[in-house]
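Chemist: Got a sequence here, can you build the structure:
(one chain, ligands or ions: 2)
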Amino acid sequence: MRLVTAQEMGAMDQKASKEYGIPSVVLMENAGLKVADLVSALFDNLTRRTIIIVAGKGNNGGDGFVVARHLLNRGAEVQVFLAAEPEKIKGDALINLNIWRKMGQKVLPLLKSNDTNLFRLSLMKADLVVDALYGTGFTGTVRDQMVSVIEAINASGKPVVAIDIPSGLEADTGKANGPCIIANHTVTFALPKLGLVLPTATKYVGELHVADISIPAAVTTGSTEDKKKITNSSKKEGYTAAESEITSGFRYLITDRLVRDWWPRRTGDEHKGNFGRVLVIAGSRGMSGAAVMTAQAAARSGAGLVTLGVPAGIHDIAETKLTEVMTFPLPQNERGALSSAALDEIMDRASNSDVLALGPGLGTGDETAELVKEILLKLKIPCVLDADGLNVLAGKTDIFKAVQPELVLTPHPGEMARLTGRNTDQIQNDRLGIAAAKAAQWGAVVVLKGAGTVVASPDNTLFINNTGNPGMAAGGSGDVLTGIISGFIAQGMSALHAAAAGVYLHGQAGDIAARDKGLAGLLAGDLLEQLPTVLKIME
Ligand SMILES: NC(=O)C1=CN([C@@H]2O[C@H](COP(=O)(O)OP(=O)(O)OC[C@H]3O[C@@H](n4cnc5c(N)ncnc54)[C@H](O)[C@@H]3O)[C@@H](O)[C@H]2O)[C@H](O)CC1
Ligand SMILES: [K+]
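Modeler: Ligands and ions are numbered 1, 2, ... in the order given. Next up, the predicted model:
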């Protein structure tokens, strides 16, 4: 599902009104109606319910007046509090405020501190609060009286439905710089705002609902194709156009539908060769686990054939731990890491494989760095480069651009910091920007792991993931992801789609595992166990 900034959403509103002639007050009516529908669905019977609408001075408030009207018509007791001077209300919001007044309904002031005291009393008797204070027009920090209004709502313990954005959250960054509404549900319009799906926003957004308010699909997908093409894609397996249209340069939330769209079709008469061959080059003395995990994950991801090459010293260990995966020993140095003499056999094996997973547990000696560089420059098949495979190239990232086949880099924030010469805080402060910039600079798909993993492509398309949980920070979790992405590439997915689908399903496996095992006790092996379950759902 496409993600938009406040500015992009405003441009779509404009286009819907100017180019398609949909009056903006119709969009407001649709928006309000969808929120009213959700509120109605939360109660078996509205007639004995008291709903409070807290309206701001902009169009978010305007939506609130529409919600008030519909809920009143459906028999609810509705109290509208206006957190703005009435004379400041204009445009579509004023149209709906006037309708509310012509229905003989009151608007209670919510501007001064004694207003807030009255408001607190009303809150105690309310069954639900609709947050119509601020939407995409909000920037910065909640100020003055609104601080105590938002704190009163949050303290009331009443269920809250936020219109478009929980008030106090910035649409583009998902950051709450000050007090912010903690909503049970957020009904956002047309497309999710980028900030709503970022990890900092989760606690404020509650359950996110994306409501169609009749902005034409050609506008929301932003595709420059003619409308016919949009119609065709929307016919595809019942997808809405917005789902199956991926336009480069845009940002997307990774959803079930997208992953299903990318899923390699199995006709049923294939043999294991069709499901691709993964070559894993990983491990070193004391680091056999990373190699085994990566290979097992590749096997469990559905790849036809997985072969693991490890330094001779840990070959027996790998051999005993693995059954479905073939293993072979490689020349090693005195430290038990791969030696440069391993290059020829690795390239030979790679020539009979569809994808190379390189790096987990390799170690970070100079010889390893040299070997990784040699492999990458000679490689003819796509490569997923992870962990020590990344660490050894810190300061040598210009090599990425020189790699011929598709390259997927899967750094966690610390590895990204080493690769870019910044510190982890700087990475975490601009995850989307850095991932996008480096993907373009390195000509590679960059998977910047962490809460809200970002998958960036060289053509500036971004996929945001919101599956997964903190329990997955356990060691080995990254090895499993590397194996999954490699397995998907082996089965025919593009590097970008394999990375985005891999991140999504890896997170889902983690969520299922956490449901059974909690967060602290979660091990990477638990993710492996759940992989078949999530793949089965996808199939
Ligand atoms: N997306 C759509 O198709 C539709 C969206 N609608 C709704 O319109 C709002 C956006 O309305 P807008 O008038 O631009 O602003 P807001 O109502 O979000 O904000 C109100 C007002 O608040 C002021 N403001 C901004 N920051 C602060 C701050 N830190 N402190 C105090 N006040 C602040 C600013 O001046 C704004 O004017 C969108 O979210 C939807 O709910 C349409 O109704 C339907 C179509
Ligand atoms: K709001």
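Chemist: Give me the phi and psi for Gln428.
Modeler: phi -70, psi -20 (degrees, to the nearest 10).
Chemist: For it, give me its contacts.
Modeler: 413, 450 (Cβ atoms under 8 Å, 6 or more residues apart in numbering). Any C-beta I mention is one placed from the backbone N, CA and C, and that applies to glycine too.
Chemist: how much space is there between whichever residue of the stretch 251-400 of the chain sits closest to ligand 2 and Lys193?
Modeler: The minimum distance from the stretch 251-400 of the chain to ligand 2, using Cβ to the ion, falls at Leu253 (19.8 Å). For Leu253, the distance to Lys193 (Cβ to Cβ, to the nearest Å) stands at 11 Å.
Chemist: got the contact list for stretch 327-334?
Modeler: 281, 284-285, 295, 307-313, 315, 318-319, 338-339, 341-342, 345-346, 349, 365, 367.
Chemist: and if we set it to 10 Å?
Modeler: By Cβ atoms under 10 Å, 6 or more residues apart in numbering, the surrounding residues in contact with stretch 327-334 are 279-281, 283-285, 291-292, 295, 306-321, 338-346, 349, 363, 365, 367-368, 371.
Chemist: Could you count how many residues lie near the residue of the stretch 251-400 of the chain closest to ligand 2?
Modeler: 20 (other Cβ atoms under 10 Å).
Chemist: could you measure it against ligand 1, distance?
Modeler: In this view, Leu253 and ligand 1 are 17 Å apart by Cβ to the nearest ligand atom, to the nearest Å.
Chemist: how about that residue, what does it touch?
Modeler: Leu253 neighbours (Cβ under 10 Å, 6+ apart): 1-3, 191-192, 194, 196-197, 208, 210, 463-466, 504.
Chemist: elements contacting the host helix or strand of Asn114?
Modeler: Assigned by DSSP states H and E, Asn114 belongs to helix 113-125. Secondary-structure packing of helix 113-125 (3 or more Cβ pairs under 10 Å, 6 or more residues apart in numbering; DSSP states H and E): strand 50-55, strand 77-82, strand 107-109, helix 144-156.
Chemist: which residues are in contact with it?
Modeler: 50, 52, 54, 77, 79, 81-83, 108-110, 126, 129, 144-149, 151-153, 155-158.
Chemist: In strands, which of the contacts of Leu253 appear?
Modeler: 2-3, 208, 210, 463-464 (DSSP state E).
Chemist: quick revisit: who touches both of Leu253 and Lys193?
Modeler: With Cβ under 10 Å, 6+ apart as the test, Leu253 and Lys193 both reach 3, 208, 210.
Chemist: Neighbour-wise, which one of those residues leads?
Modeler: Using other Cβ under 10 Å as the neighbour test, the shared contacts of Leu253 and Lys193 are led by Leu3, with 22 neighbours.
Chemist: Return the member of the ones in strands among the contacts of Leu253 nearest to ligand 1.
Modeler: Val210 (11.2 Å; Cβ to the nearest ligand atom).
Chemist: List the beta-bridge partners for the closest one.
Modeler: Thr188 (DSSP bridges).
Chemist: Which stretches in the stretch 401-539 of the chain count as strands?
Modeler: All strands of the stretch 401-539 of the chain, identified by DSSP state E, counting those that start in this stretch, fall at 407-409, 445-448, 454-456, 462-464.
Chemist: Ligand 2: which of those strands is closest?
Modeler: strand 462-464 (21.4 Å).
Chemist: quick one: strands adjacent to the closest one?
Modeler: Counting by DSSP bridges, strand 462-464 is paired with strand 251-253 (parallel), strand 454-456 (antiparallel).
Chemist: deepest of those, which one?
Modeler: Mean neighbours per residue, mean count of other Cβ atoms under 10 Å, is largest over the strands paired with strand 462-464 for strand 454-456, with a mean of 28.
Chemist: could the shared contacts of Leu253 and Lys193 be laid out in CSV, adding pLDDT and distance to Asp63?
Modeler: As requested, those are arranged in CSV below (pLDDT from 0 to 100; distance: Cβ to Cβ, whole Å):
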residue, pLDDT, distance to Asp63
Leu3, 96, 21
Leu208, 97, 16
Val210, 97, 15
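Chemist: which residues of this structure score low on pLDDT?
Modeler: Residue ranges of the chain with pLDDT under 70: 223-245, 272.
Chemist: Tell me if I'm right that Thr173 and Ala201 touch.
Modeler: Yes - applying Cβ atoms under 10 Å as the test, Thr173 and Ala201 come out as touching, 8.8 Å apart.
Chemist: of those two, who's got more company?
Modeler: Counted by other Cβ under 10 Å, Thr173 and Ala201 do not tie: Ala201 has more neighbours, with 26 against 16.
Chemist: Just read off the phi/psi values of the spatially closest residue to that one that is not a sequence neighbour.
Modeler: Spatial nearest neighbour of Ala201, excluding adjacent residues (Cβ to Cβ, 6 or more residues apart in numbering): Gly174 at 3.8 Å. Main-chain torsions, Gly174, degrees, to the nearest 10: phi 70, psi 20.
Chemist: Gly452 is in contact with Gly174, correct?
Modeler: Yes - judged on Cβ under 10 Å, Gly174 makes contact with Gly452 at a distance of 8.5 Å.
Chemist: what's the overlap in contacts for these two?
Modeler: 197-202, 464.
Chemist: Now do the contacts for Leu111.
Modeler: 81-85, 144-146, 149.
Chemist: now the helices for the stretch 301-450 of the chain?
Modeler: Using DSSP state H, counting those that start in this stretch, the helices found in the stretch 301-450 of the chain span residues 315-321, 343-350, 366-378, 388-391, 398-402, 413-420, 424-429, 431-442.
Chemist: from the ones you listed, which stretch is densest packed?
Modeler: Most buried among the helices of the stretch 301-450 of the chain, given mean count of other Cβ under 10 Å as the contact rule, is helix 388-391, at a mean of 25.
Chemist: and that one, how far from the chain's centre?
Modeler: 25 Å (Cα atoms, centre = their mean, to the nearest Å).
Chemist: which residues are in contact with it?
Modeler: Contacts of helix 388-391 (Cβ under 10 Å, 6+ apart): 281-284, 287, 290, 337, 356-365, 368-369, 371-372, 375-376, 383, 397, 400, 409-412, 414-416, 418-419, 482.
Chemist: most surrounded residue in the contacts of Leu111?
Modeler: Going by other Cβ under 10 Å, Val149 tops the contacts of Leu111 with 27 neighbours.
Chemist: isn't that residue right next to Pro109, touching?
Modeler: No - with contact defined as Cβ under 10 Å, Val149 does not reach Pro109; the gap is 11.7 Å.
Chemist: what sits in contact with each of the two?
Modeler: 81, 83, 115, 119.
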